[in-house]
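*Asks:* Please work out how this folds:
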Amino acid sequence: MEQSALRNVAPPRHRHRFFAYVAVVIGLAAALAVQSVVRDGLPGRTDPAFWVFAALAVVADTPPFVQGGRDEEAPTFPSVSFTFALLIAYGCAPAVVVQLAAVVVAAIWLKHAPWRAAFNAAQYIVSFCAAGAVLNAGGFDARRPDAHALLGGAAVLWVLAAAATWFVVNNLLVSTAVWLRFGGGWRRRFARAVVADALPNGALLLSAPGLVAAAHVDVWLVPLALVSLFAVRRMIKLAAQRSQAARRDPLTGLPNRKALERAVAAALQEHAERAEVGAAERRLALLLLDLDAFKQVNDALGHRVGDRLLVEVGERLTAAARASGPGNLVGRLGGDEFAVVVPHLKDTADARRSAAEIMSALAEPVLLDGLPIDVGASVGVAVYPEHGTDFAELMQHADVAMYDAKGRGDNLAVYAPESDHNTPERLSLLADLRRALESEQDGGIELYYQPQVELGTGAVVGVEALLRWRHPQRGPVDPEELIRVAEHSAVMRLLTLRIVDEAIGQLAAWRGSSPAAEGVRVAVNVSVRDLHTGEIADRIAARLHQMSVDPSRLELEITESALMADPRRVLATLARLEKLGVAIALDDFGTGYSSMLHLRRLPLAEVKIDRSFVLGVATDPDDAAIVRSMIDLARALGLRVVAEGVEDERTWRMLVEAGCDLAQGWYFARPMPPAQLLDWLARRPRSTVAHSG
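*Replies:* As a prediction, this is how the structure comes out:
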């Protein structure tokens, strides 16, 4: 994102005032050049030292010696060393004329635009004339002083003052031009130019007195300076290559995380400078993109094909980013993760539009060795300043948005705080939850139970175990908030094991001591994390055996999203649980991505219709039709159907007519602690017409 000092590409933001400034500097330089030539004249043709300095100045600005190249932000021109020596030894006019020749040579091989070459020449002329004025003010004899005089006394101080004047004037001219062209703070531009230029040009300027002294001894000692310049050029080039390699991904050649961080920092600084001068506020978006099913490509086709796929994806994203807008930058973070920096946006909606345009690059399959490979991806978008004020914060929030997109089965999501499970408040809550789970006491964690009623008879045949937590300072914590905090962390495992232990322990406690609860089934929710390993099956088997509880009295509820996250591992765990005798229910049926194939493959005993559909059964014909269709589908597959969220008699009667098996909701009873549940069951006939609890 960082603009070079006077790069040829991209029109200036303030074209008129920028080129007016360029014209003024060129006009001033022309006047000063003519004045100096008239005043000082040129050295005689027979002076060999002059011609050696002049020839070396022109040769030094050819590619083998220039520090940096066509694509570098600020190349350093060694001709300055020889032309400053000419200023010391022969005056301003010879230095100006030779520097003009060197600028022409550099402009040809660097392919500078004519206006840029003219400005470069002008900046040098003004700088040399200012330095010459300092030497003249000190009474410095610019007509070839002897080496001893040059190396001692006040002459050295005047030469140093002239070098400092050249350095300051040159950087003032250049930084002002950059400021007028690209905007931002002038002071920052000047400070940056001084820091970047101090070592290379300072060294060149201060080597000039030594060259003059060497010429006084023997003029043929001067060309030896080219050897050191060439060596320095090689060392700088190697250092630049190492530096570039450190900022590039070795496989795709794209910028890596470090380079992206620098680009974002520069862009945010530019945004801040625009705000300081009252310019229209702009947005910056960071897009984090993760390829879907890339592991399967590596496993099936090998890592070489996977690498070629990554290279092709990088090229497509780069082309799409350039087409989407100027200044967009694509980088690879590692693995199958890419990032895109989009710096010039109006608002969040504009960021979403740009992200969609860039994502369209992956719509077509990638053809590798004649095999078309579909490349899906999920992208998360974070926007400055709404979602972060630095690279780390934007990256963190883009990562949250990306996983939000994956979780919703979408390919694009903009960061939303409610989807962020890593806020300081939630992290604090998570730490408190971990301490509560690991404490020897209950920690305020308990299970409430909501009855499930058989619609045909009104009999209570099961209960769903629902988590409740009373925080010592915050009081009751919303269950949905609690699950959101825990499900993306290792704490979810501790929470699930605690719930399983409590539920099985409760079944054991009811056995023989409470006739009202005899035969009642307990349903427990488990997350996708719980199903990825066999630990949950091992724990349930051990606890059922330890408590002598009939496995058929325990039911595990899984969501459709858990099934779709990793079907192979989930099915393996579910198969073990079914073999154990534990029933499996599909929760939130209708809100996910289940198909007939998935329903047939799963060892299901029951499906639960999500409350979002059940609530509208009595008032919305569409919801009623959807619920009837889901009941018919489940019954055709031989599955029991439970309707969640039944809150009135009319809904209950419509579900009975539709053939639904079971229901739960406030119409029957609210969730209640174990003791209250037993009282409720004891007061309720085992078989009765359903009525409000």
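*Asks:* tally of neighbours for Gly202?
*Replies:* Neighbourhood size, Gly202 [other CB atoms under 10 Å]: 14. Every C-beta, even on glycine, is put in place using the N, C-alpha and C of the backbone.
*Asks:* And Leu427, by the same measure?
*Replies:* So Leu427, with other CB under 10 Å, has 13 neighbours.
*Asks:* and it, what helix or strand is that in?
*Replies:* For Leu427, the element it lies in under DSSP states H and E is helix 424-438.
*Asks:* Quick one: name whatever helix or strand follows that helix.
*Replies:* Following helix 424-438 in sequence, per DSSP H and E, is strand 445-454.
*Asks:* which helices and strands sit right next to the helix or strand where Trp469 lies?
*Replies:* Per DSSP H and E, Trp469 falls inside strand 460-471. Here strand 460-471 touches helix 424-438, strand 445-454, strand 475-477, helix 479-486, helix 491-510, strand 521-525, strand 662-664, going by 3 or more CB pairs under 8 Å, 6 or more residues apart in numbering; DSSP states H and E.
*Asks:* Off-centre distance for the helix holding Leu427?
*Replies:* 27 Å (CA atoms, centre = their mean, to the nearest Å).
*Asks:* repeat for stretch 313-327
*Replies:* 16 Å.
*Asks:* same question, stretch 520-528
*Replies:* 37 Å.
*Asks:* Could you say which helix or strand holds the residue nearest the centre of the chain?
*Replies:* For the chain, Met395 is the residue whose C-alpha lies nearest the centre (CA atoms, centre = their mean; 3.7 Å). Per DSSP H and E: Met395 is located in helix 391-407.
*Asks:* Could you give the average pLDDT over the helix holding Leu427?
*Replies:* In this model, helix 424-438 has an average pLDDT of 82.
*Asks:* Pull out the buried positions in that helix.
*Replies:* Arg426, Leu429, Leu430, Asp432, Leu433, Arg434, Ala436, Leu437 (16 or more other CB atoms under 10 Å).
*Asks:* Kindly report the same for stretch 128-140.
*Replies:* Result for stretch 128-140 [16+ other CB under 10 Å]: buried residues Phe128, Cys129, Ala130, Ala131, Gly132, Val134, Leu135, Asn136, Phe140.
*Asks:* Now Val646: closest residue in space that isn't a chain neighbour?
*Replies:* Spatially, and ignoring its direct neighbours in sequence, Val646 is nearest to Gly665 (3.5 Å; CB to CB, 6 or more residues apart in numbering).
*Asks:* so that neighbour makes contact with Leu655?
*Replies:* No: judged on CB atoms under 8 Å, Gly665 makes no contact with Leu655 at a distance of 10.1 Å.
*Asks:* shared neighbours, the two?
*Replies:* Val614, Ala643, Val646 (CB atoms under 8 Å, 6 or more residues apart in numbering).
*Asks:* Wait, a helix at the second one?
*Replies:* No: remark: Ala643 does not belong to a helix; assigned using DSSP: H, G, I helix; E, B strand; the rest coil, it is strand.
*Asks:* which non-adjacent residue is nearest it?
*Replies:* Ala663 (4.4 Å).
*Asks:* so how far is Val222 from that neighbour?
*Replies:* 99 Å (CB to CB, to the nearest Å).
*Asks:* just to revisit the earlier point, determine which two of the buried residues of helix 424-438 are furthest apart.
*Replies:* Arg426 and Leu437 (16.0 Å; CB to CB).
*Asks:* Which is the succeeding secondary structure element to the least confident helix or strand in the chain by mean pLDDT?
*Replies:* The helix or strand of the chain with the poorest confidence is helix 147-151; it has a mean of 45 (mean pLDDT, DSSP states H and E). Counting by DSSP H and E, the next helix or strand C-terminal to helix 147-151 is helix 154-182.
*Asks:* For that next one, list every residue counted as buried.
*Replies:* Neighbour-count burial for helix 154-182 [16+ other CB under 10 Å]: 155, 158-159, 161-163, 165-167, 169-182.
*Asks:* Can you spell out which helices and strands pack onto the helix or strand following that helix?
*Replies:* Sequence-wise, the next helix or strand downstream of helix 154-182 (DSSP H and E) is helix 186-217. For helix 186-217, the elements it packs on are helix 48-60, helix 79-90, helix 147-151, helix 154-182, helix 225-246, judged by 3+ CB pairs under 8 Å, 6+ apart.
*Asks:* mean confidence score for stretch 581-600?
*Replies:* 72.
*Asks:* pretty sure Ala658 is touching Ala634, no?
*Replies:* No: in this structure, Ala658 is not within contact of Ala634 by CB under 8 Å, at 11.1 Å.
*Asks:* Between these two, point out the one with more neighbours.
*Replies:* Neighbour count, other CB under 10 Å: between Ala658 and Ala634, Ala634 has more, with 24 against 19.
*Asks:* picking up where we left off before, what sits up against the following helix or strand past the helix holding Met395?
*Replies:* Using DSSP H and E, the helix or strand that follows helix 391-407 towards the C-terminus is strand 412-414. Residues outside strand 412-414 that contact it (CB under 8 Å, 6+ apart) are 348, 351-352, 355-356, 359, 378-383, 401-402, 404-405, 419.
*Asks:* what are the pairing partners of strand 412-414, and which direction each?
*Replies:* strand 377-384 (parallel) (DSSP bridges).
*Asks:* Give me the angle between the partner strand and helix 391-407.
*Replies:* Here strand 377-384 runs at an angle of 140 degrees relative to helix 391-407 (axes from the mean of the first three to the mean of the last three CA atoms, to 10 degrees).
*Asks:* Return the distance of strand 377-384 from the chain's centre.
*Replies:* 7 Å.
*Asks:* Counting neighbours, which bits of it end up buried?
*Replies:* For strand 377-384, the neighbour count (16+ other CB under 10 Å) marks Ala377, Ser378, Val379, Gly380, Val381, Ala382, Val383, Tyr384 as buried.
*Asks:* For the stretch 151-300 of the chain, give me the ranges with low pLDDT.
*Replies:* 151-154, 183-184, 232-233, 235-241, 243-245, 273-281 (pLDDT under 70).
*Asks:* mind listing the strands in the stretch 501-650 of the chain by residue range?
*Replies:* 521-525, 554-559, 583-589, 606-609, 640-644 (DSSP state E, counting those that start in this stretch).
*Asks:* same thing with the stretch 201-350 of the chain?
*Replies:* 283-291, 329-334, 337-345.
*Asks:* Looking at these, which is nearest to Glu481?
*Replies:* So among the strands of the stretch 201-350 of the chain, strand 283-291 is nearest, using CB to CB, at 25.3 Å.
*Asks:* Parallel or antiparallel, list what pairs with the closest one.
*Replies:* strand 337-345 (antiparallel), strand 377-384 (antiparallel).
*Asks:* and it, C-alpha only, in PDB?
*Replies:* Below are the C-alpha coordinates for strand 283-291, written out as PDB (Å, rounded to 0.1, in the frame of the first residue of the first chain):
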ATOM      1  CA  ARG A 283     -13.000   2.100   5.100                       C
ATOM      2  CA  LEU A 284     -10.500  -0.700   4.800                       C
ATOM      3  CA  ALA A 285     -11.600  -4.300   4.700                       C
ATOM      4  CA  LEU A 286      -9.500  -7.400   5.600                       C
ATOM      5  CA  LEU A 287     -10.800 -10.600   4.000                       C
ATOM      6  CA  LEU A 288      -9.800 -13.900   5.400                       C
ATOM      7  CA  LEU A 289     -10.400 -16.900   3.100                       C
ATOM      8  CA  ASP A 290     -10.200 -20.600   3.800                       C
ATOM      9  CA  LEU A 291     -10.500 -23.300   1.200                       C
END
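*Asks:* can you tell me which residues contact Phe374?
*Replies:* If you look again at residue 374, you'll see it is Asp, not Phe. Pro365.
*Asks:* quick check, distance from the one helix or strand Leu677 maps to to the centre of its chain.
*Replies:* Per DSSP H and E, Leu677 falls inside helix 674-683. From the chain centre to the centre of helix 674-683 is a distance of 53 Å (CA atoms, centre = their mean).
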